[in-house]
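Visitor: let's see this in three dimensions:
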Amino acid sequence: MADFFHHLNPLKQLNNNNSQEEKRPLVIDESDSTIYYSTNNNTNNTDINNSSSTNDFELINKERHLVLLIAGMGARKDQEPLDGMFLGPFGKWFNIKKCQDAMKDELNNQFKKFKNFKNQNNQNNNNSPELILRSIDYCSSVREEGGYSKKLNLVSMKSGVQLFRKIANESMIDVLMYSSEKVKKQMQQIAIKQLNDIYEEYKHLDIKTISIVGHSLGSVVAFDILYQNQESNHTILNFKPDHCFLIGSPLGLFLMMDVQTKERMLEPFHDQLLESDDKNKGKKKRLLRDVGLYHLFHPYDPVAYRIEPHLDQRFANHEPVDLLTYDKRKKTGNNTFDKVTQAFSQMFEKLDDKKTENIELNELEEEYERIDYCLAVQELIINEYLSAGDVHLKYWANEIVCSFILEKIGLLD
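Guide: Numbering: from 1, shown residues only. From the prediction side, this is the model:
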C-alpha cells in the first residue's frame, strides 16, 4: 500500500531514468517550498522564475493546500531577541521560523498517525496531498521603519528588573502598538502585502484550499484583515481563504473594546452575519460570511477570550465545544458503551434542571455555527497559574490543534 505521508516529488522527470525519486513529507515549509525539480539527476531546487528552464518541467496533478501562519506578539522571523538563553525553552516560541517548524512537524505526525486519504489504496503516489506552510512577519518592518525599538530603549528605565523590561519591550509592547490606529494600519498593510505576495507565488499551482492560522495577537490581525476584506467586497486580498483558525485568541476582548455600545454590547455583527438573499437560505449565521472561523484555546490560557457571545449573548450561558484528540473524537458514539451512556443521559435529561439550558443551546446551534473550541487537557498540570504562560505559547506543537486543521481542510477523514 502506498505511504501517503511520504510522497513523490511534485514533478515527473521527463527523461526515463531508473533512479529512485526523492520522497517528501506531507508538509513543506518556507525553507522547502520551491516545488519544481530539475529533470536531470541534479535534485537541487530550481528557481521557478527562471523562464529559460520552464520547458524542462512538468507539473503533476497534485492536491495542494496552502496554510498561512500569523504569529503573535514578540514573534520575529529574522530577529531572535527573545530566543535566547534567559527564556530557556520558552524563547523559541518567539521565533517565527521555529513556530513554523513545530507546526510542520506536528502536522506531519498527525497525518502519518491518522491518515485516511481518499486515494490511499491508489498505488500512484503522485496523487498524494501536499501542504505548503508559510508564515509572515508583520512586526519587524513596522518596528524598524518607525524606529520603535530604538525609541523604546531611550525611554526604558535602566535600573532594576532589566529582564522583565526586555521581555515587555520585545513582546507585550506589540499589543499596545496595535492599539494605536496609526501603527495598527501599518501592521495590517504589511501583513496584507505579505499574504498577497505568498499567494502570487503559488497561485499557478491550483491550490485546493487556503487557510490562515493566527496565534494570539496574530489572530486579531488575521480577523481584522478578513473582516475588512469582506466589507470591501474582497478587494484587499487577492485570494479567498477557506478557513481561519484562531489559536489562543484575545479577539473576543478586542471586539468588545472596539464595538461596545450601550444598546448593543456584544452583538456588533448581528445584522450582517448573513445577507438575506436566496443563496443563504438554510445556512447558519457566522461571524465571517465567507470564511470558516474556528477559535481553539486551552482552558488555562489567560490570553484567550470567548468569541461566540459576539454572535449571541446567550452563548455565555453555555460551555464552548470540548475538543478531544482526533482518535477520541472519531471513536465517541461509535461503540456500544457510548451509545448506552448517551441513552441514559437522554433519559435523565428529562428530570434534569438543565433541560431548559440544553434546549437553548440546541436552538443556538441550529442558528449559528460554533466558533469556540476548548482543547482537552493532556499535559500534567501541577499548578494552573504556573502553566498559564506555557500553554499559551505551545499551540504550534499541539496535536489536537494540528489534527483539527487537517480535518477541516479535508486531509483527515
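Visitor: CA only for contacts and neighbour counts going forward, please
Guide: Will do.
Visitor: residue 109 and residue 399: what is the separation?
Guide: Distance, residue 109 to residue 399, by C-alpha to C-alpha, to the nearest Å: 8 Å.
Visitor: actually residue 231, sorry about that
Guide: Per C-alpha to C-alpha, residue 231 is found 34 Å from residue 399.
Visitor: and residue 406, what element?
Guide: helix 399-408 (DSSP states H and E).
Visitor: residues contacting that helix, please?
Guide: 103, 106-107, 110-111, 243, 245, 296, 323-326, 375, 395-396, 412-413 (C-alpha atoms under 8 Å, 6 or more residues apart in numbering).
Visitor: tell me which stretches of the chain form strands.
Guide: Along the chain, the stretches classed as strands by DSSP state E are 6-8, 23-25, 27-28, 64-70, 130-136, 209-215, 243-247, 292-297, 321-323, 372-375.
Visitor: count the residues that sit near residue 238.
Guide: Neighbours of residue 238 under the rule other C-alpha atoms under 10 Å: 16.
Visitor: list the contacts of the closest residue in space to it that isn't next to it in sequence.
Guide: Leaving aside its chain neighbours, residue 238 sits nearest to residue 196 (5.9 Å; criterion: C-alpha to C-alpha, 6 or more residues apart in numbering). By C-alpha under 8 Å, 6+ apart, residue 196 lies in contact with 237, 238, 239.
Visitor: and residue 80, what pLDDT?
Guide: Residue 80 carries a pLDDT value of 55.
Visitor: so which of the contacts of helix 399-408 belong to helices?
Guide: 103, 106, 107, 110, 111, 326 (DSSP state H).
Visitor: next, the contact list for the fourth one, please.
Guide: Contacts for residue 110 (C-alpha under 8 Å, 6+ apart) come out as 399, 402, 403.
Visitor: how many residues are close by residue 377?
Guide: Around residue 377 there are 14 other residues, counting by other C-alpha under 10 Å.
Visitor: quick one, phi psi at it?
Guide: Backbone torsions of residue 377, given as degrees, to the nearest 10, read phi -80, psi 120.
Visitor: okay, now the unreliable bits of the stretch 1-150 of the chain?
Guide: Within the stretch 1-150 of the chain, the stretches with pLDDT under 70 are 1-61, 78-91, 93, 116-127.
Visitor: what does the stretch 301-413 of the chain give?
Guide: 332-356, 379-389.
Visitor: one more pass at 90, please.
Guide: 310-313, 325-358, 377-394, 412-413 (pLDDT under 90).
Visitor: now swap in the stretch 151-300 of the chain and tell me
Guide: Within the stretch 151-300 of the chain, the stretches with pLDDT under 90 are 151-177, 179-180, 205-206, 231, 255-290.
Visitor: going along the chain, name the helices of it.
Guide: Counting by DSSP state H, counting those that start in this stretch, the stretch 151-300 of the chain has helices at residues 162-167, 173-178, 181-202, 217-231, 251-259.
Visitor: got a list of contacts for the second one?
Guide: Okay, so that is helix 173-178. Helix 173-178 is contacted by residues 73, 74, 139, 183, 184, 187, 217 when judged by C-alpha under 8 Å, 6+ apart.
Visitor: I'm done for today, thanks for sticking with me.
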